[in-house]
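In: heads up, no residue letters with this:
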């Protein structure tokens, strides 16, 4: 990351940003749609991965 975009940041900040990008959508879907929304999100992620 540092070499490609010339952006330097502490490791703890990088971890916070990347984990936040992974966790925030799940929290939002769970808050809005409950367990059923989480199940749909899981299926959607599996379909997306299978295309690659």
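Out: Structure's in. What do you need? Just so it is clear, the structure is predicted and the values come from calculations on it, not from any experiment.
In: The lowest-mean-pLDDT helix or strand in the chain packs against which elements?
Out: Least confident helix or strand of the chain, by mean pLDDT, DSSP states H and E, is helix 2-5 with a mean of 72. Packing contacts for helix 2-5, counted by 3 or more CB pairs under 8 Å, 6 or more residues apart in numbering; DSSP states H and E, involve no helix or strand. C-betas here are computed from N, CA, C, even on glycine.
In: Can you tell me what sits against that helix?
Out: Residues outside helix 2-5 that contact it (CB atoms under 8 Å, 6 or more residues apart in numbering): residue 8.
In: Residue 49: which element?
Out: helix 11-51 (DSSP states H and E).
In: Give me the distance between that helix and the centre of its chain.
Out: 5 Å (CA atoms, centre = their mean, to the nearest Å).
In: For it, the averaged confidence score.
Out: Averaged across helix 11-51, pLDDT comes to 88.
In: what number of residues lie near residue 14?
Out: Residue 14 sits with 14 neighbouring residues when counted by other CB atoms under 10 Å.
In: try residue 30
Out: When neighbours are counted by other CB under 10 Å, residue 30 comes out with 14.
In: try residue 29
Out: 18.
In: And for the one 4 residues further on?
Out: Here the number of neighbours of residue 33 (other CB under 10 Å) works out to 13.
In: With residue 38 instead?
Out: Neighbour tally, residue 38, other CB under 10 Å: 14.
In: Kind regards, and thank you for your time.
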